[in-house]
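A.B. asks: this is a predicted model, with the sequence first.
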Amino acid sequence: MRRIHVIAAVIRDDQNRILIAKRPDHAHQGGLWEFPGGKLEEGEQRFDGLVRELREELGITVTQARPLLDIRHDYPDKSVRLDVWLVTGFDGEAHGAEGQPVRWVTAAGLDEYEFPAANAPVVRAAQLPECYLTTPDMNDEQALFAGLQRAKEAGIRLVQLRQTQLSGSAYRGLVERVLERFGADFRWMLKGDEPPEWPGVGWHLTGRQLRKIWEERCAAEASFAAGAPLLQGSSPGVGAVPPPRRAASLFAASCHDAEELVMAAELGVDFVTLSPVLPTQSHPGATHLGWERARELIDSVNMPVYLLGGLGPQELSQAFEAGAQGVAGIRQLWELAGE
Ligand SMILES: Nc1nc2c([nH]c(=O)n2[C@H]2C[C@H](O)[C@@H](COP(=O)(O)OP(=O)(O)OP(=O)(O)O)O2)c(=O)[nH]1
Ligand SMILES: [Mg+2]
């Protein structure tokens, strides 16, 4: 089946609301909500297609946009490439120029609407920020709190609480105190062998955990196929994957190669980090992916990818060009918040 190249737009206004439109009942995936856009024409440049579609469908003129997510999806009757752009500047008043209902909704509000199946990662990408901070190990809790306060003021919105020097119970105690103070300021991602029990708090797997859970799941499926009774929760592997999904809690994994990206995608993560893109201070001699390989790997998956390893906010536009959601980091993002 020939793949249809579709340009779609996550359009954000100055109140951070996102525009969605309802597809006509008779259309492919009709009656569902969508991000406005349509088919790229023969020989047309991607940006030109974006401008044309939004003029036709919404009566607006795009003035500022960048690629957000590029994915491939096969419906039973149609294969599409959804080439999604983030539009942050436009002239005119957006309206349903083809008679379609349109609505401005908050990023979290997108969860309340029904989209075509291909859109799940697009909704995630629309909800996730450009930068993903991982906390550096810090023995001084007051300094950690002061750093988080600065990160908040610097506009960081997604944070992984990582403190490798702490034991399980000390880490849990810290989580309680951090959530009490900063629970509403960031979307939190936690480490651990189990999904976090705090509502709305996400789970970030290490590459090693990802492989282990993956292997357990394959083993469980193999014994199921061989006719072994599979009671729910009877296998630790099955019990651990996937985590009970609350609408607001994210599931993510650290990936380092094509194999781990496939595992993460199959386990249904919301996003991944991919590393190391560049040599890092902590592992200066280690092999790194480089920009070209990072771009190839991002292109091979249908989910938001944060690039990690020697990167900071100054590499954001390069990361977007490579197709990434943005950059993840410890040092560069923590230092962005100032010491
Ligand atoms: N615009 C858009 N299309 C989507 C989304 N999700 C998704 O699966 N699609 C699919 C549905 C369609 O098969 C295809 C988009 O085609 P379209 O019907 O919008 O194309 P178009 O605007 O050029 O319309 P037309 O001239 O063919 O009527 O992509 C989405 O969020 N936005
Ligand atoms: Mg359309």
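C.D. replies: Nice, I can see it. Treat the numbers as computed from the prediction; the structure is a model and nothing was measured. Ligands and ions are numbered 1, 2, ... in the order given.

A.B. asks: tell me which parts of the stretch 1-150 of the chain are close to ligand 1?
C.D. replies: When proximity is defined as CB under 6 Å from any ligand atom, the stretch 1-150 of the chain approaches ligand 1 at 6, 8, 27-29, 34-35, 37-39, 78, 80, 82, 116, 118-119. No exception for glycine: its C-beta is placed from N, CA and C like everyone else's.

A.B. asks: in strands only, show me these.
C.D. replies: Counting by DSSP state E, the part of those found in strands is 6, 8, 34, 37-39, 78, 80, 82.

A.B. asks: mind giving me the ChimeraX command for buried ones among the residues of the stretch 1-150 of the chain next to ligand 1?
C.D. replies: Selection command for ChimeraX covering only the buried members of those, criterion 16 or more other CB atoms under 10 Å:
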select :6,8,29,34,35,37,38,80,82,116,118,119
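
A.B. asks: got the residue ranges for the helices in the stretch 1-150 of the chain?
C.D. replies: Using DSSP state H, counting those that start in this stretch, the helices of the stretch 1-150 of the chain run over 46-58, 120-127, 141-153.

A.B. asks: mean neighbour count for the ones you listed - can I get that in a markdown table?
C.D. replies: Formatted as a markdown table, these follow (neighbours: other CB atoms under 10 Å):
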| stretch | mean neighbour count |
| --- | --- |
| helix 46-58 | 19 |
| helix 120-127 | 21 |
| helix 141-153 | 16 |
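
A.B. asks: could these go into JSON lines alongside mean pLDDT and distance to Gln15?
C.D. replies: What follows is the helices of the stretch 1-150 of the chain, written out as JSON lines (pLDDT from 0 to 100; distance: least, CB to CB, whole Å):
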{"stretch": "helix 46-58", "mean pLDDT": "98", "distance to Gln15": "17"}
{"stretch": "helix 120-127", "mean pLDDT": "97", "distance to Gln15": "15"}
{"stretch": "helix 141-153", "mean pLDDT": "96", "distance to Gln15": "19"}
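
A.B. asks: would you turn those into TSV with distance to Leu86?
C.D. replies: Formatted as TSV, these follow (distance: least, CB to CB, whole Å):
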stretch	distance to Leu86
helix 46-58	10
helix 120-127	8
helix 141-153	22
